[in-house]
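Colleague: Show me the folded form of this:
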Amino acid sequence: MDMSKFHSQHMDAATQLTALEGILGKGQIDPVEASEALIVLASRLNFHLSMEDKFLYPKAAQSHDAELRDLAQKMQTEMAGLSEEFTRYVKKWSPNEIKADTQEFVSHSHRVVNALKDRIHREENFFYPMVQAKL
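Modeller: Below you'll find the model as predicted:
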């Protein structure tokens, strides 16, 4: 299976995560800039997740390889939880909320960014190679 689009989407997500980290590292956070970064990141991630749900996971679920099917099911279940957390995060942090509690926004953002980076790492290094090899 050609995974190039998925890899490209991961690179784009990583770029957006790095941009958000840059905003978080500033001494003075602009709430509008931070909120806009969240919106861009959310749109990219939602598109990526939609592609995985429509194309990647169904193909992996139909595989004759039990290891791939099991890993795909595990990854999809994990992502559902992370996706829900990410959605709550994006909805919570409007510019007004960011301004009202910047310290908690930064803390929450670091947790979410780290979880997303970890997920991308595991997909790139474990799941996607297996999909490429077995589909």
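Colleague: mind pulling up the phi and psi values for D101?
Modeller: phi -150, psi 70 (degrees, to the nearest 10).
Colleague: count of residues packed around it?
Modeller: 14 (other C-beta atoms under 10 Å). Placement of C-beta: from N, CA and C, glycine included.
Colleague: What's the separation between it and K59?
Modeller: As judged by C-beta to C-beta, to the nearest Å, D101 and K59 stand 43 Å apart.
Colleague: Roughly how far does A14 sit from K59?
Modeller: From A14 across to K59, the span is 24 Å (C-beta to C-beta).
Colleague: I'd assumed I29 was in contact with I98.
Modeller: Yes - counting by C-beta atoms under 8 Å, I98 touches I29, with 6.8 Å between them.
Colleague: Looking at the two, which one has more neighbours?
Modeller: For I98 versus I29, the count of surrounding residues by other C-beta under 10 Å is larger for I98: 22 against 18.
Colleague: Helix or strand: which one has that one?
Modeller: Assigned by DSSP states H and E, I98 falls within helix 95-100.
Colleague: contacting residues around the helix or strand just after that helix?
Modeller: Where DSSP H and E defines the elements, the next helix or strand beyond helix 95-100 is helix 102-122. Identification of contacts with helix 102-122 by C-beta atoms under 8 Å, 6 or more residues apart in numbering yields 10, 13-14, 17, 20-21, 24, 29, 31, 34, 45, 75, 78-79, 82, 85-86, 89, 92-93, 97-98.
Colleague: Select only the buried ones of these in ChimeraX?
Modeller: Applied in ChimeraX, the following selects the buried portion of the contacts of helix 102-122 according to 16 or more other C-beta atoms under 10 Å:
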select :10,13,17,20,24,29,31,34,45,75,79,82,86,89,93,98
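Colleague: So which of the contacts of helix 102-122 sit within strands?
Modeller: Mapping the contacts of helix 102-122 onto strands (DSSP state E) picks out no residues; all lie outside.
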